[in-house]
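K.L.:
I need the structure of the sequence given here:
(one chain, ligands or ions: 1)
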Amino acid sequence: MTLKVDAVTFAYPDGREALRGINLSLAAGERVALLGPNGAGKTTLVLHLNGVLHGGAGTVTVDGQRVDPRNRSGLAEIRRRVGIVFQDPDDQLFLPTVEEDVAFGPSNLGLRGDALAARVTEALDAVGMAGHRERTPHHLSFGQRRRVAVATVLAMHPSILVLDEPSSNLDPASRRELATILESLPVTMLMVTHDLPYALQLCPRAVILDDGRVVADGRTEDLLADAELLARHRLELPYGFAVR
Ligand SMILES: Nc1ncnc2c1ncn2[C@@H]1O[C@H](COP(=O)(O)OP(=O)(O)OP(=O)(O)O)[C@@H](O)[C@H]1O
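P.N.:
Coordinates of the predicted model:
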C-alpha cells in the first residue's frame, strides 16, 4: 500500500472541522481522483499527506512510514515521497532557469554532477520540456510552467504524485497534452479536480469528499454515471457529456 489515511480528523484553529474521520488507501500504481464541492476538505486532506497540517486524530502512512511532524528526518523523506504539484505553478518555480528549478530538489538530496544532470533531463523529458531547460520560468506560458512544476516534483522520484487541479487555466490543447503526459507516468497518483471528464479520462477510481467525509469511493465511471450522487454533492458534468 503506497498511502493509507486512517481515521484522520482535523479542525482549524478557529474550530472549523474540516476532516471528520477520513479513511483512504491507495495501492502502488493506482490513479485516483479526489472530487468534491468547494470547502469539502480536499486541500486540507492533501496537506496532511506530507505533514504540513497535522494535530487531529488518526494516522497517515506513506510506503509504511508514518507521517509524523515531530520526526524531522522522517518528514524530509515523506516530502520526497509525496510530491505535490500545486495549482499555481508560480508557487513552485523561483529560480532563474527551468533546469535550476528542476535540479533544486534533487541537489538538496545530495545529487551532483552527471547524476543530477541525468535526473533533470529525465524529468524534463517526461513532461516534454527538455527543449526549454535554459529558459526563464516566468517567460514560459502558463501551461509550460505547469509542466515544469510537474517536472520539479518528478525529479524527486516520488512514490505518490499529488496534483491539485492540474487542468485548471489550460487551453483545450494544453489540457489534452498534459493528460497524455500524466497518463504516461508510472507513478501512483492522487488528483484533486473539479474537471470531471479529466478525472474520468485519467483515474479509474474516484473518491468524493463532502463536509470532511468520504461519501463515495469507487469506479470513476460508476460514480459519474450516478446523477443523484453528483447532484447531492454539487458535482456537475459538462452539458451533454456522456459518461458511458
Ligand atoms: N486556514 C483555515 N482556517 C479556517 N478554516 C479553513 C482554513 N482553510 C480551510 N478552511 C475551511 O476548511 C474547510 C475545508 O477547506 P478546503 O480548502 O480543504 O476545501 P476544498 O475541498 O479544498 O475546497 P475547494 O474546492 O474550494 O478548493 C472549509 O470549510 C474551509 O472554509
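
K.L.:
so after the helix or strand of the chain with the lowest mean pLDDT, what's the next helix or strand?
P.N.:
In the chain, no helix or strand scores lower on mean pLDDT, DSSP states H and E than helix 72-81, which sits at a mean of 90. Going down the chain from helix 72-81, the next helix or strand is strand 82-85, by DSSP states H and E.

K.L.:
what's in contact with stretch 86-96?
P.N.:
85, 101, 104, 136-138, 142, 145-146, 148-149, 152-153, 164-165, 168 (CB atoms under 8 Å, 6 or more residues apart in numbering). For glycine as for every other residue, the C-beta is placed from the backbone atoms N, C-alpha and C.

K.L.:
swap the cut-off to 10 Å and go again
P.N.:
Residues from elsewhere that reach stretch 86-96 (CB atoms under 10 Å, 6 or more residues apart in numbering): 43, 46, 84-85, 100-105, 134-138, 140, 142-153, 162-166, 168-169, 192.

K.L.:
At the contact with the ligand, which residues of the chain appear?
P.N.:
12, 14, 16, 18, 36, 38-44 (CB under 6 Å from any ligand atom).

K.L.:
got a markdown table for those, with neighbour count and secondary structure too?
P.N.:
Shown next, in a markdown table, are the residues of the chain next to the ligand (neighbours: other CB atoms under 10 Å; DSSP: H, G, I helix; E, B strand; the rest coil):
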| residue | neighbour count | secondary structure |
| --- | --- | --- |
| 12 | 11 | coil |
| 14 | 5 | coil |
| 16 | 11 | coil |
| 18 | 22 | strand |
| 36 | 25 | coil |
| 38 | 7 | coil |
| 39 | 14 | coil |
| 40 | 25 | coil |
| 41 | 23 | coil |
| 42 | 24 | helix |
| 43 | 17 | helix |
| 44 | 23 | helix |
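
K.L.:
in the chain, which spans are strands?
P.N.:
3-11, 17-26, 31-35, 59-62, 65-66, 82-85, 160-164, 188-192, 205-210, 213-219 (DSSP state E).

K.L.:
what angle separates the first one from helix 72-81?
P.N.:
To tie it back to what came earlier, the one meant is strand 3-11. 110 degrees (axes from the mean of the first three to the mean of the last three CA atoms, to 10 degrees).

K.L.:
Give me the local confidence score for residue 186.
P.N.:
Per-residue pLDDT puts residue 186 at 89.

K.L.:
got the contact list for it?
P.N.:
Residue 186 neighbours (CB under 10 Å, 6+ apart): 29, 126.

K.L.:
I'd assumed residue 124 was in contact with residue 131.
P.N.:
Yes - applying CB atoms under 10 Å, one finds residue 131 in contact with residue 124, separated by 8.5 Å.

K.L.:
out of these two, which sits in the more crowded spot?
P.N.:
residue 124 (23 against 10; other CB atoms under 10 Å).

K.L.:
residues in contact with the more buried one?
P.N.:
98-99, 102, 130-133, 147-148, 151-152, 154-155.

K.L.:
what's the overlap in contacts for residue 131 and residue 124?
P.N.:
Between them, residue 131 and residue 124 share the contacting residues residue 98, judged by CB under 10 Å, 6+ apart.

K.L.:
of the strands of the chain, which approaches residue 242 most closely?
P.N.:
strand 213-219 (16.0 Å; CB to CB).

K.L.:
what does the closest one contact?
P.N.:
5, 19-25, 32, 34-36, 40-41, 45, 200, 203-210, 222-223, 225-226, 229-230, 232-233, 235.

K.L.:
Please identify the buried residues of that strand?
P.N.:
Residues of strand 213-219 classed as buried: 214, 216 (neighbour count, 16 or more other CB atoms under 10 Å).

K.L.:
gap between the residue positioned nearest the centre of the chain and residue 139?
P.N.:
The geometric centre of the chain, computed from its C-alpha atoms, lies nearest to residue 162 (CA atoms, centre = their mean), at 1.7 Å. Taking CB to CB, to the nearest Å as the criterion, residue 162 is separated from residue 139 by 27 Å.
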